[in-house]
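Sequence unavailable; structure follows:
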DNA sequence: AGAGCATTGTACTGATTGGTACATATGATA
DNA sequence: TATCATATGTACCAATCAGTACAATGCTCT
């Protein structure tokens, strides 16, 4: 009856989309099964703890992506200004101009916050720290760098909410543009 | 068997809290029944269309509150600066320093967006328009007033997400303070 | 007091929920 | 080809889901 042998890692991307679109409660196993193409047997084989473990796996994957694509260049890139621009480019693409929800943000807003608090705090904390490092490398005052980077992460989250609410991708792009000039050396 | 005769309006406030805390999908009728103290009989008597109608009623109530407490003073108050400060005070209290989620924002982020799109767009659109009116009354350029008010509403939403994610009410208060100086005449 | 509408609790429905059990099938190794 | 861990589909479970039906009660007005 089994058709093809799948890998656990193949399930992560569709899982992320399902949780983004329907939220933790809204993503039923039926939806998850359809999105991943995996039956319950496979799903519970890969994720014995069910939905919670699936979300944790998705969060770990998200962390890895942000780490290599955004945090690492911000922290260690030789050109701080270039790393910041890269971050904004990647952010624009990643959230599809605000049409794609931030899973971590939506988990933080829901009653799922406590269950995934560690990953949620890590996500935002790492982003702020990494951006702060780049801003300091630009030669900025550490206190200013801190408040600027908090403000940037806050604006990105706000822009996702607002541009989705108004169904207007331009609003997200404008927010990114404003950050570009505000964070330029 | 019926104990006390309730009014539909008494149910709105607890309904709002339940939807805020558990989201649209997560708020089951069992939870709703417990939170409101109303059995299914009463709930479907007051809201024949079920959860959707409950949310619409809550959104209408929210609109009314914002209209009289925030939008109206911003649009028509004699002192624009005072109205803006009042808005920030009320916002701080309403969202309990970011510990209380914005229901409209969370609906906008979830897959419920399309179902309630009209109320969602109205909420943010009205807020931006009203704040813009006050900023223009301060003597500001209309284009600047527009971008400032969009930015303010965006920052409030972002601050809710971030301060909840980090479990840190101070972050929300700081965001409000920054808006206070940015929006001062 | 009595009529009539508003409100309420309970019992019920059929569908769906997350999760388990297990027999079967696959693919690599030997 | 025989072995064996890894996948997989299906049937099943108790619990819960949203929603309906309805008889019994409360309240108001006369």
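Sure, I can see it. If you're wondering where the values come from, they're calculated on a predicted model, not measured in any experiment.

By residue count, which helix of chain A is the longest?
Ranked by residue count under DSSP state H, the longest helix found in chain A is helix A:142-165.

Quick one: list the elements packing against it.
Packing partners of helix A:142-165 (3 or more Cβ pairs under 8 Å, 6 or more residues apart in numbering or on different chains; DSSP states H and E): helix A:103-109, helix A:117-137, helix A:169-183, helix B:103-109, helix B:117-137, helix B:142-165, helix B:169-183. The C-beta positions use only the backbone N, C-alpha and C, and glycine is treated the same way.

Could you pull out the buried residues of the longest one?
The one in question is helix B:142-165. Neighbour counts over helix B:142-165 (16 or more other Cβ atoms under 10 Å in any protein chain shown) mark B:145-146, B:148-165 as buried.

That one versus helix A:117-137: what angle between them?
On the basis of axes from the mean of the first three to the mean of the last three Cα atoms, to 10 degrees, helix B:142-165 is oriented at 130 degrees to helix A:117-137.

quick revisit: distance to DNA strand C and mean pLDDT added to the helices and strands packed on helix A:142-165, as TSV?
Converted to TSV, those look like this (distance: least, Cβ to the nearest atom of the strand, whole Å; pLDDT from 0 to 100):
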stretch	distance to DNA strand C	mean pLDDT
helix A:103-109	15	98
helix A:117-137	18	98
helix A:169-183	30	98
helix B:103-109	19	98
helix B:117-137	23	98
helix B:142-165	24	98
helix B:169-183	32	98
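
Can you classify residue A:140 as helix, strand or coil?
On the three-state scheme (DSSP: H, G, I helix; E, B strand; the rest coil), residue A:140 is labelled coil.

coming back round to it: right, and the helices and strands packed on helix A:142-165 - which one's nearest residue A:96?
The closest of those to residue A:96 is helix A:169-183. By Cβ to Cβ, the value is 7.8 Å.

Which positions in chain A make contact with chain B?
With Cβ under 8 Å from any Cβ of the partner chain as the criterion, chain A meets chain B at residues A:21-26, A:101, A:104-106, A:108-111, A:113, A:117, A:120-121, A:123-125, A:150-151, A:153-162, A:164-167, A:171, A:175, A:178.

Spell out the secondary structure type for residue A:100.
Per three-state DSSP, residue A:100 ends up coil.

mind checking pLDDT for the closest residue to it other than its chain neighbours?
Counting by Cβ to Cβ, 6 or more residues apart in numbering or on different chains, residue A:20 is the residue found nearest to residue A:100 once chain neighbours are left out, at 6.7 Å. pLDDT recorded at residue A:20 is 97.

The one 4 residues further on now?
Turning to residue A:24, the model gives it a pLDDT of 97.

what about it, which helix or strand?
Assigned by DSSP states H and E, residue A:24 belongs to helix A:8-26.

which strands and helices sit next to that helix?
Counting by 3+ Cβ pairs under 8 Å, 6+ apart, helix A:8-26 packs on helix A:29-36, helix A:40-46, helix A:51-66, helix A:103-109, helix B:8-26.

between these, which gets nearest to DNA strand D?
Closest to DNA strand D of the helices and strands packed on helix A:8-26, according to Cβ to the nearest atom of the strand: helix A:40-46, at 2.2 Å.

what distance separates the closest one from the centre of its chain?
Counting by Cα atoms, centre = their mean, to the nearest Å, helix A:40-46 is centred 25 Å from the centre of its parent chain.

Just want the most central residue of chain A.
Centroid check for chain A by Cα atoms, centre = their mean gives residue A:102 as the closest residue, at 5.2 Å.

close enough to count as contact, it and residue A:161?
No - using Cβ atoms under 8 Å, residue A:102 makes no contact with residue A:161, being 9.1 Å away.

picking that back up, give the contact list for the residue nearest to the centre of chain A.
A:95, A:156, A:157, A:160 (Cβ atoms under 8 Å, 6 or more residues apart in numbering or on different chains).

Give me the phi and psi for it.
Backbone torsions for residue A:102, taken as degrees, to the nearest 10, come to phi -80, psi 110.

Tell me how far residue A:82 lies from chain B.
Going from residue A:82 to chain B by Cβ to the nearest Cβ, to the nearest Å gives 25 Å.
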